[in-house]
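Visitor: would you be able to build a 3D model of this:
(chains A and B)
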Amino acid sequence: MLQPVLDVRDLATYFFTERGVVRAVDGVSFRLYPGETLGVVGESGCGKSMTALSIMGLVPRPGRIVAGEIRLMGEDLVGKPDRELRRLRGSRMAMIFQDPLTTLNPVLRVGQQVTESIRIHYGDGTWSGGSRRWSWLADPLGLRRRRIAWERAVEMLDKVGIPAPSERMRAYPHEMSGGMRQRIMIAIALSCSPALLLADEPTTALDVTIQAQILDLMRRLQEEMGTSILLITHDFGVVSELCDRVMVMYAGKVVETGPLDAILNTPRHPYTQGLLASIPRLGDRSYRLKPIEGTVPELHALPPGCSYCTRCPVADEYCAAVAPQLKEISPHHHVACHKVAAAPAMAGEGVPS
Amino acid sequence: MAAAMPVRQQPGVTGGRRAWRRGLASLLDFWRRFRKNRLAVVGGAVVLLVIAMGVLAPWIAPHDPTQADFFRRFRPPVWMEGGSWEHPLGTDQLGRDILSRIIWGARASLTVGAIVILIATTVGVSMGLISGYYGGRVDAFIQRVVDVLLSFPYLVLAIGLMAVMGPGFSNMVLALVYKEWVTPCRVVRGEVLAAKRQEYVEAARAVGAGDAHIMWREILPNVLSSVIVVATLRVAWVILMEASLSFLGLGVQPPTPAWGSMVAAGREYIFQAWWLGTFPGLAILVTVLGINLLGEGLRDALDPRLGE
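Guide: The predicted model follows:
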């Protein structure tokens, strides 16, 4: 069996607030294999982004990882000092954020921002293109480092489809469109050839036409560089475009996980079914939108049983009392629900493909 | 904003000329916004004039500013009876040419202003960055120091320090820096508090940047325009303080000419020879006003949030 790029086990990230402990991520386990794309789906506040930030070691205060392990290429990241995490961030694992308008520094030229990651990791032993630890002896002023970073950055801009890359290096972010800026962010993230790319809603802030381009670009670069992608989104359209497997999260827990096909066509958890049913359909006015009633419960006051029981159409007293565990119901398809047998298998309603 | 950024030459790429042209373009852009404010342009012109006066003093001053002539004491300005073009603004109680002394006096004011602001801004910006970025106890400590310093009246603190250290140029610079760093510190801290929550800081962290990198390379460029504005405006204040200290005999020591000490000397003869103190006083007024106008113009032109 292949060694997974990322192996997360029983990850728990809690926020210790004045109103109580918020279980943002509560016992999440999953694996990501080389070249694979795993989609993480769920409503706002279900712990998707916190899972990604936990992996990067960037959980904001007052939150922290309280249990579990995160193995990146076999190396456990939990409890690692920030110094060592810094070495891995940007070089072994990289992240793309939602809004390219705010994630680029407005007063720095694009070139400086794209070369940043390479300059930081050049010579720290994590970037394959760089030399080793004592390289600064041969290059005390960092001129070589700068030149290599610059050349690599131009190459990356070219790769993400930015026309006239060496001229664009001197532009400021505000001189570019949203799609261009997200391309820049992707160039920054992939500049050190990371094994793992965490994409937190990379297309949410973009126009629909640009979205398709960006997804296309991500797929192409993934094939080229063999990067594994953890794609966080609430958009099943994006999931069906890019993902091999899907993980559905609710209130900090994984409720259903499986191959793309199984999740889209034969979802078994009532929440997944609800999410899929709430997608609007083009050109079908007679079809009524079916939103999931209610909202995600307050994370510091979760019911003792299944956290979805407050909104679940098939829940009973047993659901409210006992938390369900993930069970494999067909190969690689896991569901955490007591009512799997009872719940009607929703077939074929699927997704706009 | 763009104009404030240094144009960094990147090696390994041809097209240095293009980069230069781009820098020039953003500078022109800045100038276009700046010149809309007529008063600021006037202020800038005044400041340039005063700087030129200080730099070119040995060549443009008609007389030696320290040369006393007891046969020409209390000569009035040229337009009054008994005045002559030889001493356009008259002479003082020792027969020294007042115009020459004002021209030379610009040096003292400008040097003190520049040195104090340079040191104070460096210290203040560093402290503000550390304070705002790390927060917590470090922030609390630095801000308490700031509060303590703020609770002293500026002049009283400076006088007290000068009394301990003794008068003189370098002691005056020290005494002024002692409190002057507080202003850039508070301004920078406030801006850092806002800037550090921006997403680009998190993005920088996500590529492996450390605290120092984030503070100096990511946040500092974002607060630089306010630093420039504050520094400019504070130069005027420091020049006033220098004049006050020299007026009190604690600053620039005679016979070196300084506007403050000239005003002090003129005070004694205000009823017999008003021109002794009035002209250096006017020099202080015009310079401080010019710097303030320039500073406010810079603020409007540099701050992108105020709109085009």
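
Visitor: give me the distance between residue A:281 and chain B.
Guide: Note on residue A:281: its distance to chain B, by CB to the nearest CB, to the nearest Å, is 34 Å. For glycine as for every other residue, the C-beta is placed from the backbone atoms N, C-alpha and C.

Visitor: one more: residue A:265?
Guide: Taken as CB to the nearest CB, the span from residue A:265 to chain B is 35 Å.

Visitor: residue A:66 - that's part of a helix, no?
Guide: No. Looking at residue A:66 with DSSP: H, G, I helix; E, B strand; the rest coil, it is strand, so not inside a helix.

Visitor: contacting residues for it?
Guide: A:12-14 (CB atoms under 8 Å, 6 or more residues apart in numbering or on different chains).

Visitor: low-confidence stretches in the chain?
Guide: You didn't say which chain, so I picked chain A. Within chain A, the stretches with pLDDT under 70 are A:1, A:123-138, A:284-288, A:341-353.

Visitor: can you look at chain B instead?
Guide: B:1-23, B:303-308.

Visitor: show me where it has its helices.
Guide: Under the criterion DSSP state H, helices of chain B are mapped to B:16-35, B:38-55, B:57-60, B:98-134, B:136-151, B:154-165, B:169-180, B:182-195, B:199-206, B:211-213, B:220-247, B:259-268, B:275-302.

Visitor: residues of the stretch 151-300 of chain B that sit close to chain A?
Guide: B:198-200, B:202-210, B:213, B:217-218, B:221-222, B:224 (CB under 8 Å from any CB of the partner chain).

Visitor: 6 Å instead, please
Guide: For the stretch 151-300 of chain B, the residues in contact with chain A (CB under 6 Å from any CB of the partner chain) are B:199-200, B:203, B:205-208, B:210, B:218, B:221-222.

Visitor: from the contacts of residue A:66, which is closest to residue B:301?
Guide: residue A:13 (45.8 Å; CB to CB).

Visitor: and the residue of the stretch 251-353 of chain A that's closest to chain B?
Guide: Closest residue of the stretch 251-353 of chain A to chain B, CB to the nearest CB: residue A:252 (21.0 Å).

Visitor: cool, the stretch 201-350 of chain A as well?
Guide: For the stretch 201-350 of chain A, CB to the nearest CB, closest residue to chain B: residue A:205, 11.1 Å.

Visitor: residue B:234 and chain A: what is the separation?
Guide: Separation of residue B:234 from chain A (CB to the nearest CB): 23 Å.

Visitor: name all residues that make contact with that residue.
Guide: Contacts for residue B:234 were tallied using CB atoms under 6 Å, 6 or more residues apart in numbering or on different chains; they are B:117, B:183.

Visitor: so for chain B, the centremost residue is which one?
Guide: Geometric centre of chain B, nearest residue: residue B:235, 1.9 Å, by CA atoms, centre = their mean.

Visitor: list the contacts of the spatially closest residue to it that is not a sequence neighbour.
Guide: Leaving aside its sequence neighbours, residue B:235 sits nearest to residue B:113 (CB to CB, 6 or more residues apart in numbering or on different chains; 4.4 Å). Residue B:113 is in contact with B:235, B:238-239, counting by CB under 6 Å, 6+ apart.

Visitor: can you check residue A:64 too?
Guide: By CB under 6 Å, 6+ apart, residue A:64 has no neighbours at all.

Visitor: if we use 8 Å, what do you get?
Guide: Applying CB under 8 Å, 6+ apart, the residues contacting residue A:64 are A:13-14, A:16.

Visitor: check residue A:89 too.
Guide: A:56-58, B:205-208.

Visitor: just say helix, strand or coil for residue A:95.
Guide: strand.

Visitor: what number of residues are in the vicinity of residue 141?
Guide: Just going to use chain A. 9 (other CB atoms under 10 Å in any protein chain shown).

Visitor: right idea, wrong chain: chain B
Guide: 11.

Visitor: what about stretch A:246-264, start to end distance?
Guide: Length of stretch A:246-264, first residue to last, CA to CA, to the nearest Å: 9 Å.

Visitor: list the buried residues in it.
Guide: Neighbour counts using 16 or more other CB atoms under 10 Å in any protein chain shown place A:246-260, A:262-264 of stretch A:246-264 among the buried residues.

Visitor: give me the nearest residue to residue 206, chain neighbours excluded.
Guide: If you meant another chain, say so; for now it's chain A. residue A:178 (5.6 Å).

Visitor: wrong one, I was asking about chain B
Guide: residue A:95 (4.3 Å).

Visitor: quick one: the one you found and residue A:57 touch, right?
Guide: No. In this structure residue A:95 lies outside contact range of residue A:57 using CB atoms under 8 Å: 10.9 Å.

Visitor: neighbour count: these two, which is higher?
Guide: residue A:95 (29 against 22).

Visitor: list the beta-bridge partners for that one.
Guide: residue A:198 (DSSP bridges).

Visitor: now residue A:90: how far from residue A:109?
Guide: Using CB to CB, to the nearest Å, we find residue A:90 at a distance of 19 Å from residue A:109.

Visitor: contacts only, for the residue lying closest to residue A:47 once chain neighbours are set aside.
Guide: Excluding its sequence neighbours, the residue lying closest to residue A:47 (CB to CB, 6+ apart) is residue A:252, at 4.1 Å. The contact partners of residue A:252, taken as CB under 8 Å, 6+ apart, are A:23-28, A:46-47, A:50, A:299, A:307.

Visitor: now the residues of the stretch 151-300 of chain B next to chain A in TSV, with distance to residue A:34 and neighbour count?
Guide: Below are those laid out as TSV (distance: CB to CB, whole Å; neighbours: other CB atoms under 10 Å in any protein chain shown):
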residue	distance to residue A:34	neighbour count
B:199	29	17
B:200	30	22
B:203	25	25
B:205	26	23
B:206	21	27
B:207	22	26
B:208	22	25
B:210	29	13
B:218	32	23
B:221	38	19
B:222	39	21
